[in-house]
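**Q** sequence plus the predicted model coming up.
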Amino acid sequence: MGFFGGIIVSILNFYLLIRDTKVSIQNRRAGFRSGVLGYIKRYFIYIVFLSIMMKIEFPCFLAAVIGLFVVKLVIICLQFVEYIKVGFQSKKK
């Protein structure tokens with residue numbers, strides 16, 4: 001429950017980040033305000049989710065924390081693999 005819930009919340013917050021970034025780029029005047037409100041909204045979701053997981057039980061809370069980091073870990077791993085690919089391609093030439 002906690003691990004998969006953490007992944008879902010992390011994906012939701014990543015989607016909200018993308019959406020808020022698009023709004024900030026399209027409307028420069030309201031960009032700062034929408035960026036700050038989006039930041040507060042995302043962290044509020046994190047706090048509510050982790051509070052619920054903490055009330056259920058502590059192992060569920062730990063699994064939720066790990067689940068929240070899965071999207072970040074995937075992004076870092078994809079960049080690392082891309083870095084390795086570019087390195088091998090430049091050595092072949």
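**A** Great, that's in hand. Numbering: from 1, shown residues only.
**Q** helices or strands up against the helix or strand containing Leu37?
**A** In this structure, Leu37 sits in helix 28-56 according to DSSP states H and E. Identification of packing neighbours for helix 28-56 by 3 or more CB pairs under 8 Å, 6 or more residues apart in numbering; DSSP states H and E yields helix 2-26, helix 58-68. All C-beta spots, glycine's among them, are computed from the backbone N, C-alpha and C.
**Q** helix 58-68 and the first one, what's the angle between them?
**A** Helix 2-26 runs at 40 degrees relative to helix 58-68, counting by axes from the mean of the first three to the mean of the last three CA atoms, to 10 degrees.
**Q** how far off centre is helix 2-26?
**A** 6 Å (CA atoms, centre = their mean, to the nearest Å).
**Q** contacting residues around that helix?
**A** 30-32, 34-35, 38, 41-42, 45-46, 49, 53, 56, 59-72 (CB atoms under 8 Å, 6 or more residues apart in numbering).
**Q** same thing with the shortest one?
**A** Applying CB under 8 Å, 6+ apart, the contact partners of helix 58-68 are 1-7, 9-10, 46, 49-50, 53-54.
**Q** cutoff 10 Å now
**A** 1-10, 13, 46, 49-57, 73 (CB atoms under 10 Å, 6 or more residues apart in numbering).
**Q** so which helix or strand takes in Gln89?
**A** Per DSSP H and E: helix 70-92 holds Gln89.
**Q** which of the helices and strands packed on helix 28-56 is buried the deepest?
**A** helix 58-68 (a mean of 17; mean count of other CB atoms under 10 Å).
**Q** got the angle for that helix vs helix 70-92?
**A** Using the same axes, to 10 degrees: helix 58-68 against helix 70-92 is 40 degrees.
**Q** for helix 58-68, list the C-alpha coordinates in PDB.
**A** Taking Å, rounded to 0.1, in the frame of the first residue of the first chain, the C-alpha atoms of helix 58-68 are listed here in PDB:
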ATOM      1  CA  PHE A  58       5.500   2.900  10.500                       C
ATOM      2  CA  PRO A  59       6.600   0.200   8.000                       C
ATOM      3  CA  CYS A  60       4.000   1.500   5.600                       C
ATOM      4  CA  PHE A  61       5.400   5.000   6.200                       C
ATOM      5  CA  LEU A  62       8.900   3.900   5.200                       C
ATOM      6  CA  ALA A  63       7.600   2.100   2.100                       C
ATOM      7  CA  ALA A  64       5.800   5.300   1.200                       C
ATOM      8  CA  VAL A  65       8.900   7.400   1.500                       C
ATOM      9  CA  ILE A  66      10.800   5.000  -0.700                       C
ATOM     10  CA  GLY A  67       7.900   5.100  -3.200                       C
ATOM     11  CA  LEU A  68       8.100   8.900  -3.300                       C
END
